[in-house]
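# Show me how the following folds:
(one chain, ligands or ions: 1)
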Amino acid sequence: MSRDILVIAERRDGSLRQVSLEAIAAARTMAGEDGVVHAFVAGDALEPHVRRLLAAGADRVHTAARPAGEPYTAEKAFRDASGVAARIRPAAIVLGHTAIGREVAPRLAAALDAGQLSDVIAIEREPDGDGLRFTRPIYAGKAFEKRVFRREPWVVTIRPNNFPAPAATASDAADSPAVDSAVVPFEPDDVDLRTVVRGVVRRTAGQTDLAEAKIVVSGGRGVKSADGFKPLEELAAALGGAVGASRGACDAGYCDYALQIGQTGKVVTPELYIACGISGAIQHLAGMSQSRVIVAINKDPEAPIFKIADYGIVGDLFEVVPLLSEEVRRLAP
Ligand code: FAD
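As a prediction, the model looks like this:
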């Protein structure tokens, strides 16, 4: 059976988020052979994003033109997403499991009387039929459950870095289907919005988004001070990755809570996670244990982090991390 699937694409600082392209890949699996994958994107200067969404596998892109820098509100995002959904009546809606996706998905599910699954990491066809099975981690990543929906529609959020999306290429434009025929402008109903955002204060800027980073260099209480994060920042820069932290480091005031990874912080699944001076408490593991390769640097050989690490370095992070950065820079092309 084929289905219409709607992806609500997200932008951040003007760029399309990688997880939105991954959502298109997930939606293609859900749509079946003849199903139609729709995407919705709002904002200014939309054409390159439309091309990118089409190149990633969307069949149609619904667009809402907005002034540059218009701040996000959940109310507005819900109004738009539900408006597009009312137009298409999709079998499923897919969002990234991001701060925005987490806010908007339950509202959509409630409004559409739909089932909802959050933080999905894999989708597979049922061996004996047309149904789909969704896998998601539970108990802070200690177990996985597989679920099926018994009726449509569904609303699903997908965890970043789990559904491979085609990489952006210079030929996206040439490879995309005719853009004009695939774009459907959308004008939301003029409902009274109850909240207005006057301004947004960003506490972390200029670093790769943690949730989507392919490489994360994370520091714990072992970094000992805000300055202690400098070698980690250098290593992250050399590797083209992002800096994260344990709650221990955040609580100690060494870094901003925006960097916290774990049960009460961000969940990351990078290709490489380097834990520096982090003991490996269960609440921290909840946010990073699904990383593809884990490297732990800790001076205590008994630290629990070594139990889940693929590679462990027993040593002082202030000696090891600069050596790693030096080696990465030496090997860089
Ligand atoms: P520590 O446990 O103090 O470990 C520091 C490590 O650094 C030690 O292993 C030590 O050997 C090593 N070290 C010290 N100096 C060096 C050096 N020079 N070189 C190398 N290694 C060195 N924690 C999170 O991270 N994320 C969460 O989301 C989170 N949520 C929580 C929610 C709840 C409800 C609770 C109760 C706790 C939560 N915690 C969370 C806290 C968690 O239990 C731990 O307290 C915290 O993760 C410890 O941080 P840490 O590993 O940096 O510090």
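# any idea which element Val217 lies in?
Taking DSSP states H and E as the criterion, Val217 maps to strand 215-219.
# Show me what counts as buried in whatever helix or strand comes next after that strand.
Proceeding N to C from strand 215-219, the next assigned helix or strand is helix 230-239, under DSSP H and E. Residues 231-239 are the ones in helix 230-239 that count as buried (16 or more other CB atoms under 10 Å). Every C-beta, even on glycine, is put in place using the N, C-alpha and C of the backbone.
# Leu132 and Glu126 touch, don't they?
Yes. Using CB atoms under 8 Å as the test, Leu132 is close enough to Glu126 to be in contact (6.9 Å).
# neighbour-wise, which of the two wins?
Between Leu132 and Glu126, counted using other CB atoms under 10 Å, Leu132 has the larger neighbour count: 19 against 11.
# Burial check on the residue in the stretch 51-200 of the chain that the ligand sits nearest to, number of neighbours?
Residue of the stretch 51-200 of the chain nearest the ligand, by CB to the nearest ligand atom: Ala140 (9.3 Å). Residues lying near Ala140 (other CB under 10 Å) number 16.
# What parts of the chain come near the ligand?
Counting by CB under 6 Å from any ligand atom, the residues of the chain close to the ligand are 220-222, 246-249, 260, 262-265, 277-279, 281, 283-284, 287, 297-300, 303, 316-318.
# For Leu132 and Glu126, list the residues in contact with both.
Common contacts of Leu132 and Glu126 (CB atoms under 8 Å, 6 or more residues apart in numbering): Val148.
# List the beta-bridge partners for Thr157.
Note on Thr157: beta-bridge partners by DSSP bridges are Leu95.
# Surely it is in contact with His97?
Yes. Assessed by CB under 8 Å, Thr157 is found in contact with His97 at 4.0 Å.
# Now for the two: what residues contact both?
Jointly contacting Thr157 and His97 under the rule CB under 8 Å, 6+ apart are 118-120.
# so of those, which ones are in strands?
Taking DSSP state E as the definition of strands, these contribute 118-120.
# Please name the nearest non-neighbouring residue to Arg147.
Phe134 (5.2 Å; CB to CB, 6 or more residues apart in numbering).
# ok, the one you found touching Lys146?
Yes. Using CB under 8 Å, Phe134 is in contact with Lys146, at 6.9 Å.
# So what touches stretch 134-145?
For stretch 134-145, contacts defined as CB under 8 Å, 6+ apart pick out 117-124, 146-149, 156, 263, 282-283, 285-286, 289-290.
# switch to 10 Å and redo it
Residues from elsewhere that reach stretch 134-145 (CB atoms under 10 Å, 6 or more residues apart in numbering): 26, 30, 97, 117-124, 146-149, 154, 156-159, 162, 262-263, 267, 269, 282-290.
# now the shared contacts of Thr157 and His97 as CSV including pLDDT and neighbour count?
As requested, the shared contacts of Thr157 and His97 are exported to CSV (pLDDT from 0 to 100; neighbours: other CB atoms under 10 Å):
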residue, pLDDT, neighbour count
Ser118, 96, 17
Asp119, 95, 19
Val120, 97, 20
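# Compare Phe134 and Lys146 and say which is more crowded by neighbours.
Between Phe134 and Lys146, counted using other CB under 10 Å, the more crowded position is Phe134 (21 against 11).
# Spatially nearest residue to Ile123 (excluding sequence neighbours)?
Once flanking residues are discounted, Ile123 sits nearest to Thr29: 5.1 Å by CB to CB, 6+ apart.
# Also Val320?
That would be Ile297: by CB to CB, 6+ apart, it lies 5.1 Å from Val320.
# Name the SS class of the one you found, please.
Of the three states, Ile297 takes strand under DSSP: H, G, I helix; E, B strand; the rest coil.
# Same question for Phe78.
What three-state DSSP gives for Phe78 is helix.
# Does it touch Val104 like I think?
Yes. Phe78 lies in contact with Val104 (CB atoms under 10 Å); the separation is 5.4 Å.
# shared neighbours of the two, anything?
Common contact partners of Phe78 and Val104 (CB under 10 Å, 6+ apart): Ile8.
# In the chain, what helix or strand scores lowest on average pLDDT?
helix 172-175 (a mean of 54; mean pLDDT, DSSP states H and E).
# Tell me the helix or strand right after that one.
Downstream of helix 172-175, the next assigned helix or strand under DSSP H and E is helix 179-182.
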